[in-house]
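[1] Task: produce atomic coordinates for the following.
(2 chains)
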Amino acid sequence: MTGPVAIRLNQNALFIGGNSHLDLALLRHSTAHVMAAAVCRLYKDVQLDIGPSTEGGFYYDFDLPARLTPEDFPAIEREMAKLVAEDLPFERLEVGRDEARALLGGQRYKLERLADIPADQAISFYRCGDFIDLCRGPHVERTGQIKAFKLLSVAGSYYRGLETNPMLQRVYGIVAETQAEIDEQLTRLEEAQKRDHRKLGKELDLFSVHDEVGPGLIHWHPKGARVRAIIEEFWRQEHFKAGYDLLYSPHIGKAGLWETSGHLGFYSENMYAPMQIDEVSYYVKPMNCPFHIQVYKSHKRSYRDLPLRWAELGTVYRYEKAGVLHGLLRVRGFTQDDAHIFCTPEQIEGEIQRTVEFALEMWRAFGFTEIRAYLATKPAKAVGEAARWEQATRSLEQALRTVNIPFETDEGGGAFYGPKIDLKIKDAIGREWQMSTIQFDFNEPERFQLAYHGVDGKEHQPYMVHRALLGSIERFFGVLIEHYAGAFPLWLAPEQARVLPISDKQMDAAVALAATLQAAGYRVKVDRSADKIGAKIRDAQVAKIPYMFILGGREVEQGTVSVRSRTAGDLGSMSVEAATCRLGEDIAARR
RNA sequence: GCCAGCUUAGCUCAGUUGGCAGAGCAGCUGAUUUGUAAUCAGCAGGUCAUCGGUUCGAAUCCGAUAGCUGGCUCCA
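    Residues are numbered from 1 along each chain as shown, chains lettered A, B, ... in the order given. As a prediction, the model looks like this:
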């Protein structure tokens, strides 16, 4: 979107000036109204809810007897175009409550919305032709100011977002100043869809999900598994450097363990049914913490031992509702890059800070810089003393300020057992996914009676922090695929280089070169097809392989190799040493 | 789980009003031995997601189930 939207507001409307972002929001919201007006003209018995602007466009929620499908969009768009052509003014009306009720007639959702407006607040309606809607505003002046728009999708949406409420139909759309901008936005959406990890995962042969096995259960193919192995090895080394130790724990545990931890009480709807072993119930783990706690409790701990930082790539299984599963980003079995930090109250602030810094460092290493942080505070229902909550929340906030990343506060968004910091990043089409999480836990240390001996010789309860930096390896891989559009940098690429003989005459030399490079630790394959060189290059390019080493008669004779880069094209002939040197440089720079 | 839509070869997709199941790519075989993004020919590949119904006849119409997609709720 470019430039400020030049819109002058109705003199009755609340003035919002100068800011193009807000003007765009006005335009979007106004277009939502026009869409609602169009729907009311075309359909009978329309119950209206709300139609706000969103980050990318707008939507309006309706309840109507007809079921809307994208096939209905052209008719709605035509009706909207008529409303725009009529250039109707948006008129603001301020009315009393009784009059408002009368105006709303049989609009049940609107009447409920009206009841929510505080007594001291003005009640306003906006009229646009014969369409009138309870609305705070503001709006653009006239419908004629809406130049270009398009309806994109329709989906169900619970009234007020509550699962127990009726489901409304939500129609999404976009609006811009010119048709060209709409086309541009649609092209961007298409481009984003091309880097969807589900599409690339199939095309690049990275992973799969199978009906025969079950939804949300990921199969890592050789190439995906190779990338995963590199990620995990890097992760382990970074953790050792950061003062962590590694743990491995079982996949199942007795019911009693999950009772003590509280999971059977507060997390059972996400846990799979138990299995009977020797007449005892065992559960597959949805989390790793109770196991780490057992290790902690395996002997007495002193304040001199703390902090303990224990990490595990722990595979957990959680029941997720069928409708929420999404490629690698939302699955039922996944490996968390989990860790638990046990420390004294004095250490907590420093530990949180280094954890946040560690997380950002990790994200930077993988090429991510745009991350949003959220500080989630104490919810209404919570365990733990108020003073602890306060100290914990303060140290989280302090850490965010010290590392200087902007954050939003999610008031009351913490878990019942402690406050947390979440780091979120966006997928190819702008959906935000929670990745890193740093969570305090006041619940389990209490339930498991965790203790350490303090300087005073007395037993104290340690602070416990759960943290996952990448979140889960599955989700991280999904986001990574989209981030690089499948073209992994050399250090992560499952196949770093492919040797392409011009003809079969160079096959022996090609196999020998690949063997040499493989022995030196590079991931290299030979193209053994009978294709012409152009086709071999195309195959390698489509497979997004960073380097192609082309061997013709000349190269074999001179002991050189013609190097082609995925991004820069033909780099010309060079010695094998020069070529491997280039690989080494790219790997070191994580290019 | 809820609302809506979708499901045809390994992949991407055609398939008209209910009347013999199709293409490209990939695969295999053969020919070609090629100099920086697709060599040519042939062959093979299907319980049209599954189950049931309507019909003389169903990929096509109806119902159920499963999976997927877009959202909602929930979450790493």
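
[2] domain parsing for chain A?
    Domains of chain A are assigned by automatic domain parsing as A:20-190, A:200-250+A:285-483, A:497-588.

[3] Show me which residues of the stretch 301-450 of chain A are close to RNA strand B?
    A:318, A:320-327, A:329-332, A:334, A:336, A:422, A:429, A:431, A:433-437 (Cβ under 7 Å from any atom of the strand). In short, each C-beta sits where N, CA and C put it, glycine included.

[4] Quick check on the residues you listed: which are buried?
    Buried members of those, counted by 16 or more other Cβ atoms under 10 Å: A:318, A:320, A:326-327, A:329-332, A:334, A:336, A:422, A:433, A:435-437.

[5] In strands, which of those residues fall?
    Judged by DSSP state E, these include A:334, A:336, A:422, A:433, A:435, A:436, A:437 as members of strands.

[6] The stretch 201-350 of chain A: helices as residue ranges?
    Taking DSSP state H, counting those that start in this stretch as the criterion, the stretch 201-350 of chain A contains helices spanning A:222-241, A:255-261, A:263-266, A:289-296, A:348-365.

[7] swap in the stretch 351-500 of chain A?
    With DSSP H, counting those that start in this stretch applied, the stretch 351-500 of chain A shows helices at A:386-402, A:444-447, A:473-483, listed in chain order.

[8] Tell me which of those is the most buried.
    Neighbour counts averaged per stretch over the helices of the stretch 351-500 of chain A are highest for helix A:473-483, at a mean of 25; criterion: mean count of other Cβ atoms under 10 Å.

[9] so, in contact with RNA strand B or not, it?
    Yes. Judged by Cβ under 7 Å from any atom of the strand, helix A:473-483 comes into contact with RNA strand B through A:474, A:475.

[10] Can you tell me which helices and strands that helix packs against?
    Other helices and strands packing on helix A:473-483, by 3 or more Cβ pairs under 8 Å, 6 or more residues apart in numbering; DSSP states H and E, are helix A:197-203, helix A:222-241, strand A:333-343, strand A:432-440.

[11] Pick the most deeply packed of those.
    strand A:333-343 (a mean of 23).

[12] what angle do it and helix A:348-365 make?
    On the basis of axes from the mean of the first three to the mean of the last three Cα atoms, to 10 degrees, strand A:333-343 is oriented at 140 degrees to helix A:348-365.

[13] for strand A:333-343, what is the average pLDDT?
    Strand A:333-343 shows a mean pLDDT of 97 in the predicted model.

[14] Using PDB, write out every CA atom in stretch A:140-149.
    The C-alpha trace of stretch A:140-149 is given here as PDB (Å, rounded to 0.1, in the frame of the first residue of the first chain):
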ATOM      1  CA  VAL A 140     -15.100   7.900   4.800                       C
ATOM      2  CA  GLU A 141     -17.400  10.600   3.600                       C
ATOM      3  CA  ARG A 142     -19.000   8.900   0.600                       C
ATOM      4  CA  THR A 143     -19.100   5.500  -0.900                       C
ATOM      5  CA  GLY A 144     -17.700   6.900  -4.100                       C
ATOM      6  CA  GLN A 145     -14.300   7.200  -2.300                       C
ATOM      7  CA  ILE A 146     -14.100   3.400  -2.300                       C
ATOM      8  CA  LYS A 147     -12.200   2.800  -5.500                       C
ATOM      9  CA  ALA A 148     -11.200  -0.800  -5.700                       C
ATOM     10  CA  PHE A 149     -12.100  -3.900  -3.700                       C
END
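
[15] picking that back up, so which of the helices and strands packed on helix A:473-483 comes closest to residue A:533?
    helix A:197-203 (22.8 Å; Cβ to Cβ).

[16] For the closest one, the averaged confidence score.
    Throughout helix A:197-203, pLDDT has a mean value of 96.

[17] Kindly report the same for stretch A:78-89.
    If you average the per-residue pLDDT over stretch A:78-89, you get 94.

[18] Which residue would you name as the spatial centre of chain A?
    Nearest to the centroid of the C-alpha atoms of chain A, with distances taken as Cα atoms, centre = their mean, sits residue A:433, at 1.8 Å.

[19] So what sits opposite it in the bridge?
    Beta bridges link residue A:433 to residue A:425 when assigned by DSSP bridges.

[20] I'd like the distance between it and residue A:348.
    Going from residue A:433 to residue A:348 by Cβ to Cβ, to the nearest Å gives 28 Å.

[21] and what of residue A:409?
    The value you get for residue A:409 to residue A:348, if Cβ to Cβ is used, is 19 Å.

[22] Give me the more crowded residue out of the two.
    Using other Cβ atoms under 10 Å as the criterion, residue A:409 and residue A:348 rank with residue A:348 on top: 23 against 14.

[23] you'd agree the more buried one is up against residue A:388?
    No. With contact defined as Cβ atoms under 8 Å, residue A:348 does not reach residue A:388; the gap is 9.8 Å.

[24] For the host helix or strand of residue A:580, name the packing helices and strands.
    With elements taken from DSSP states H and E, the one containing residue A:580 is helix A:576-588. Helix A:576-588 makes packing contacts with helix A:507-519, strand A:547-551, strand A:560-565 when contacts are defined by 3+ Cβ pairs under 8 Å, 6+ apart.

[25] try it again with 10 Å
    Helices and strands in packing contact with helix A:576-588 are listed as strand A:497-501, helix A:507-519, strand A:547-551, strand A:560-565, strand A:569-575; criterion 3 or more Cβ pairs under 10 Å, 6 or more residues apart in numbering; DSSP states H and E.

[26] got the angle for the first one vs strand A:547-551?
    Relative orientation of strand A:497-501 with respect to strand A:547-551: 20 degrees, computed using the same axes, to 10 degrees.

[27] Describe which strands strand A:497-501 pairs with in its sheet and in which direction.
    Using DSSP bridges, the neighbouring strands of strand A:497-501 in the sheet come out as strand A:524-526 (parallel), strand A:547-551 (parallel).

[28] Could I get the pLDDT score of residue A:560?
    At residue A:560 the predicted local distance difference test score is 96.

[29] swap in the one 4 residues further on?
    For residue A:564, the pLDDT comes out at 97.

[30] With residue A:17 instead?
    On the pLDDT scale, residue A:17 is placed at 39.

[31] Endpoints of stretch A:197-213, how far apart?
    Counting by Cα to Cα, to the nearest Å, the length from the leading to the trailing residue of stretch A:197-213 is 20 Å.

[32] Roughly how far does residue A:567 sit from residue A:490?
    To residue A:490, residue A:567 is 11 Å away according to Cβ to Cβ.

[33] Looking at those two, which one has more neighbours?
    residue A:490 (22 against 7).

[34] Quick one: residues contacting the nearest residue to the more buried one once chain neighbours are set aside.
    In this structure, residue A:490 finds its nearest non-sequential neighbour in residue A:586, 4.2 Å apart by Cβ to Cβ, 6 or more residues apart in numbering. If a contact means Cβ atoms under 10 Å, 6 or more residues apart in numbering, then residue A:586 has A:489, A:490, A:491, A:493, A:496, A:546, A:547, A:565 as its contacts.

[35] go on, residue A:252?
    Taking Cβ under 10 Å, 6+ apart as the contact definition, residue A:252 lies against A:274, A:275, A:277, A:282, A:283, A:284, A:285, A:317.

[36] what's the neighbour count on the fifth one?
    Read it as residue A:283. 21.

[37] just checking, it touches residue A:316?
    No. Contact criterion Cβ atoms under 10 Å: residue A:283 and residue A:316 do not qualify, at 11.1 Å.

[38] what is in contact with the two at once?
    Overlap of the contact sets of residue A:283 and residue A:316 (by Cβ under 10 Å, 6+ apart) consists of A:251, A:271.

[39] returning to that earlier point: overlap in contacts of residue A:567 and residue A:490?
    A:546, A:591.

[40] picking that back up, highest mean neighbour count across the strands paired with strand A:497-501, which stretch is it?
    Comparing the strands paired with strand A:497-501 by mean neighbour count (mean count of other Cβ under 10 Å), strand A:547-551 comes out on top with a mean of 25.

[41] Beyond that one, next helix or strand please.
    That would be, after strand A:547-551 and using DSSP H and E, helix A:553-558.

[42] tell me which strands and helices that next one is in contact with?
    Using 3+ Cβ pairs under 10 Å, 6+ apart, helix A:553-558 sits against helix A:507-519, strand A:560-565, strand A:569-575.
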